[in-house]
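S.K.: Structure for the following, please:
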Amino acid sequence: MAGRLVAGTAALAAVAAGLVRPASEPPGIDRVLPVPAALTGLLPGRGLRRGSTINVLPHRSARLGATSLLLALLAEVSRAGLWCAVVGVPALGAGAAAELGIALDRLALVPYPGPDWPMVVAALIDGVDVVVVAAPAAVTPQVTGRLAARARQRGCVLMPCGRWDTPDVTLQVVHGRWEGLGSGRGRLRRREMVIAARGRGAMSRSREVRVWLPGSGSALPVTPAVTTTATTATPRRPGRAELTLVRRG
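M.R.: As a prediction, this is how the structure comes out:
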């Protein structure tokens, strides 16, 4: 497995702008991208609606679970033959992504986007179906508004991690535990998580499901609903923007 690395914000933007959707994509493209069956009840239209902003947050105290949830969402999109990009999440490994079924030849990784990260995200929005971003610093409402508007215009699903103003839907892990370890030995196999969703309009009332990730796709509803609070993303290392296109071969 080899990767392609582009250093410098201008060069990255030029490459990212070239990641256009295939010309053979048929007219009338599906406006709702698939998600794991266990999570369909948490989203309007039972999937990721093109042009929407879906905020993914970890557990409020443990700061865990968001990466597992993100990988599960990206895996289903990738299986549909679509492109994904992840910006500002250096802990997300290609090995874990591949194990969950994410096609590495359609995955762009930008672990350290640098101070001009909004320009990097905007360029990726123009040509990628789903863009995950963990901002390396505090985000102003003006920046979040511009990126959300660009995603709506381009038909991209924007998935920010950490605090983000006025997303369409917020998904947050409110409970989690691992299965697989016995009495001090064993191998972690899957994680049980309770995921809450809230948003605007029909999503103003919180919903929750208990799921296994990775799992069989089954979900159990959880009641009563728990009100959740957004957390602030951990600042990332500043520096030049870098884009890795992960490819097999």
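
S.K.: what are the phi and psi values for the spatially closest residue to residue 80 that is not a sequence neighbour?
M.R.: Nearest non-adjacent residue to residue 80, counting by CB to CB, 6 or more residues apart in numbering: residue 34, 5.5 Å away. Any C-beta I mention is one placed from the backbone N, CA and C, and that applies to glycine too. Dihedral angles phi and psi of residue 34 (degrees, to the nearest 10) take the values phi -70, psi 150.

S.K.: Can you point out the buried residues in stretch 42-59?
M.R.: Across stretch 42-59, burial judged by 16 or more other CB atoms under 10 Å covers 42-44, 47-59.

S.K.: ok, the residue nearest to residue 80 touching residue 77?
M.R.: Yes - applying CB atoms under 8 Å, one finds residue 34 in contact with residue 77, separated by 6.7 Å.

S.K.: what touches both of these two?
M.R.: Here residue 34 and residue 77 share the contacting residues residue 48, scored by CB atoms under 8 Å, 6 or more residues apart in numbering.

S.K.: Neighbour count: those two, which is higher?
M.R.: More neighbours surround residue 77 than the other of residue 34 and residue 77, with 23 against 17 (other CB atoms under 10 Å).

S.K.: Now the helix or strand where that one lies: average pLDDT?
M.R.: Taking DSSP states H and E as the criterion, the element that holds residue 77 is helix 66-79. For helix 66-79, mean pLDDT rounds to 90.

S.K.: Identify each buried residue in it, please.
M.R.: 66-78.

S.K.: Residue 106: neighbouring residues, count only.
M.R.: Using other CB under 10 Å, residue 106 has 19 neighbouring residues.

S.K.: Correct me if wrong: it contacts residue 82.
M.R.: Yes - counting by CB under 8 Å, residue 106 touches residue 82, with 7.0 Å between them.

S.K.: re the thing from before, need the max-distance pair from the buried residues of helix 66-79.
M.R.: Based on CB to CB, the longest span within these runs between 66 and 78 and measures 18.0 Å.

S.K.: Residue 170: neighbour count?
M.R.: 22.

S.K.: in a strand, that's where it is, yeah?
M.R.: Yes - the assignment for residue 170 (DSSP: H, G, I helix; E, B strand; the rest coil) places it in a strand.

S.K.: measure it to residue 94 for me?
M.R.: 27 Å (CB to CB, to the nearest Å).

S.K.: Which residue ranges of the chain form strands?
M.R.: In the chain, the strands defined using DSSP state E lie at 2-7, 32-33, 48-49, 54-57, 84-87, 107-110, 130-134, 157-161, 169-181, 186-199, 207-213, 219-221, 242-247.

S.K.: Would you mind measuring from the residue nearest to residue 170 when sequence neighbours are not counted to residue 43?
M.R.: Nearest non-adjacent residue to residue 170, counting by CB to CB, 6+ apart: residue 55, 4.3 Å away. From residue 55 over to residue 43 the distance is 12 Å, taken as CB to CB.

S.K.: so what's in contact with these two at the same time?
M.R.: Shared contacts of residue 55 and residue 43, counting by CB under 8 Å, 6+ apart, come down to residue 169.

S.K.: Now for the nearest residue to residue 71 once chain neighbours are set aside, how many residues are close by?
M.R.: Nearest residue to residue 71, sequence neighbours excluded (CB to CB, 6+ apart): residue 100, at 5.1 Å. The number of residues packed near residue 100 is 16, by other CB under 10 Å.
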